[in-house]
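**Student:** fold the following, please.
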Amino acid sequence: MIRNLHDCLQEAFNTKMTGEIRCEEGGMIASVITISGEPGGAEYTDAAGTIYGDTAILRFPADGIFSCIPLTLKEAEERSGRARIFNPARLFVNINTELQTDLKPEADTGVGRLTIRIETPETPLQDLRIELWNNSRMCATDTTDHRGKVTFKLLSGNYECRVRDGIRLVSRSIIDFPGGDLETKVLIPRDGQ
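**Tutor:** Okay, the predicted model is just below:
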């Protein structure tokens, strides 16, 4: 069965895979390292050498055949640490298929501003990365300010809000955004519990 990058990313997300999504063709190796289904790092190697992170993603073959390979958590964390992805949305640049979404672009739903405020007893509030996902596709990302806030301009719809401290996922929650101006808080449990 021929599988593209999108299919493998979807499988990794659905199964919470810790491993590598890899394409190897004619001396070229392109790989995405996932931790619990989340893309954490990327590597691209060819005759010229190896590049890492967001730059590596830009070299991935659009029509490559990818496979999923399990890794230990330690291996995945070490590799993604040196090949960190700051903008996972770049993984979807070469997708030729139309992605499903439950966002509502109709005029009556409109666009609005969603402000997210992070509340936590321990984690520093500043510089946490907030990612908004819709149907396994990242729609927006930004980092919190000194007050633990971040604001996005969005279409109404359901979003999964993921909060990261570095590459570590510290919180995951669902936000139903009706449109208009809305401020909501996301609680991060003590010690990630």
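**Student:** can you list contacts of the helix-or-strand element of the chain with minimal mean pLDDT?
**Tutor:** One helix or strand of the chain scores below all others by mean pLDDT, DSSP states H and E: strand 137-143, with a mean of 82. Contacts to strand 137-143, defined as Cβ atoms under 8 Å, 6 or more residues apart in numbering, come from residues 87-89, 92, 99, 101, 103, 126-133, 150-152, 154, 159. Where C-beta positions appear, they are placed from N, C-alpha and C, glycine not excepted.
**Student:** can you point out the buried residues in that strand?
**Tutor:** Along strand 137-143, these residues count as buried under the neighbour rule (16 or more other Cβ atoms under 10 Å): 137, 138, 139, 140, 141.
**Student:** so can I have JSON lines of these showing distance to residue 15?
**Tutor:** Converted to JSON lines, the buried residues of strand 137-143 look like this (distance: Cβ to Cβ, whole Å):
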{"residue": "137", "distance to residue 15": "18"}
{"residue": "138", "distance to residue 15": "19"}
{"residue": "139", "distance to residue 15": "22"}
{"residue": "140", "distance to residue 15": "25"}
{"residue": "141", "distance to residue 15": "23"}
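**Student:** of those, which is the nearest to residue 121?
**Tutor:** Checking the buried residues of strand 137-143 against residue 121 by Cβ to Cβ gives residue 141 as the nearest, at 24.5 Å.
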